[in-house]
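[1] Let's see this in three dimensions:
(2 chains)
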Amino acid sequence: MWQYTAAAVLAVVVVVLLEVRVLRTGLLGTRPYWIALTICYAFMIAVNGWLTKLTAPIVLYDADATTGWRFPWDIPVEDYLFGFALLTLAMLLWDAAAPKSREVAAVIPAEAAVRSVSTESASGTRS
Amino acid sequence: MAAVDRYQYLLLMAGCLIVTLPLEFVFGARVWRQPRRLLFALVPTVIVFAVWDIGAIAREHWSFNARYVTGTRLPGNLPVEELAFFVVIPICGLLTLEAVRRILERAR
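    Numbering: from 1, shown residues only, chains lettered A, B, ... in the order given. Sure, this is the predicted structure:
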């Protein structure tokens, strides 16, 4: 009973522990992460809503494996934990593999220069 | 429609890739252009979630509507669509994260 529920909660705990104990990227304390996660959830509701809609489901869930709570439409609430674990794990590993600051320093000024030029021209046309 | 129906899940995943592609080129997310870093993020994630999925399918926690999937199964009875999901959705997430970062950097 509630086996998917339990597995989904465990997945969230494991991913958070991986960050706190091992990777220590600091991602979970940043604004971009939470904004990105909110945007992802908005799109997830559309995609997952399509996958799980009971009128023509693509994925079918065993009633005994979940709480049976579905929101909105027919999305099992467990899927939000699953989605959190999937997205956050990938983002944590992505940040853990970020180029070292020296390489970043070599890339950023060039990009910043391009950006400031484009910003100037943009503001120029506006005024 | 029946012939297209079998590709519904795969087409949904293709749609996710297409919709998020502008994040790379319009917002400068630079996810697709760092293939080694992308693989570092994806490979362990795909393995962990594929193993979970294989276990859940074996225990019948969830199953797939034969009408909307191709029927192609990988080792462990894993539908090819599920592998696509574990590759595509993290890519969408990374593109979103990096696009948000670029936008906030520019706003500063």
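[2] Work out for me the element the closest residue to chain A within chain B sits within.
    Going by C-beta to the nearest C-beta, chain A is nearest to B:Pro90 of chain B, at 3.4 Å. Every residue, glycine included, has its C-beta placed from N, CA and C. Per DSSP states H and E: B:Pro90 is located in helix B:80-107.
[3] and what of B:Ser63?
    Using DSSP H and E, the element containing B:Ser63 is strand B:62-64.
[4] Please say whether there is contact between that strand and chain A.
    Yes. Against chain A, strand B:62-64 shows contacts by C-beta under 8 Å from any C-beta of the partner chain at B:62-64.
[5] Assess the claim that A:Leu86 and B:Pro90 are in contact.
    Yes. A:Leu86 sits in contact with B:Pro90 when judged by C-beta atoms under 8 Å, with a separation of 6.3 Å.
[6] Overlap of the contact sets of the two?
    Here A:Leu86 and B:Pro90 have B:Thr45 as joint contacts, going by C-beta atoms under 8 Å, 6 or more residues apart in numbering or on different chains.
[7] tell me which residues of the strand holding B:Ser63 are tucked away?
    Residues B:62, B:64 are the ones in strand B:62-64 that count as buried (16 or more other C-beta atoms under 10 Å in any protein chain shown).
[8] For it, which strands pair with it and how are they oriented?
    strand A:59-61 (antiparallel) (DSSP bridges).
[9] got a list of contacts for the least confident helix or strand in chain B by mean pLDDT?
    Within chain B, no helix or strand scores below helix B:2-5, which has a mean of 84 by mean pLDDT, DSSP states H and E. Residues outside helix B:2-5 that contact it (C-beta under 8 Å, 6+ apart) are B:11, B:67-68.
[10] can you put these in CSV and add distance to chain A, neighbour count and secondary structure?
    Compiled in CSV, the contacts of helix B:2-5 are given as follows (distance: C-beta to the nearest C-beta, whole Å; neighbours: other C-beta atoms under 10 Å in any protein chain shown; DSSP: H, G, I helix; E, B strand; the rest coil):
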residue, distance to chain A, neighbour count, secondary structure
B:Leu11, 11, 14, helix
B:Arg67, 8, 12, coil
B:Tyr68, 4, 22, coil
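[11] Much appreciated, bye for now.
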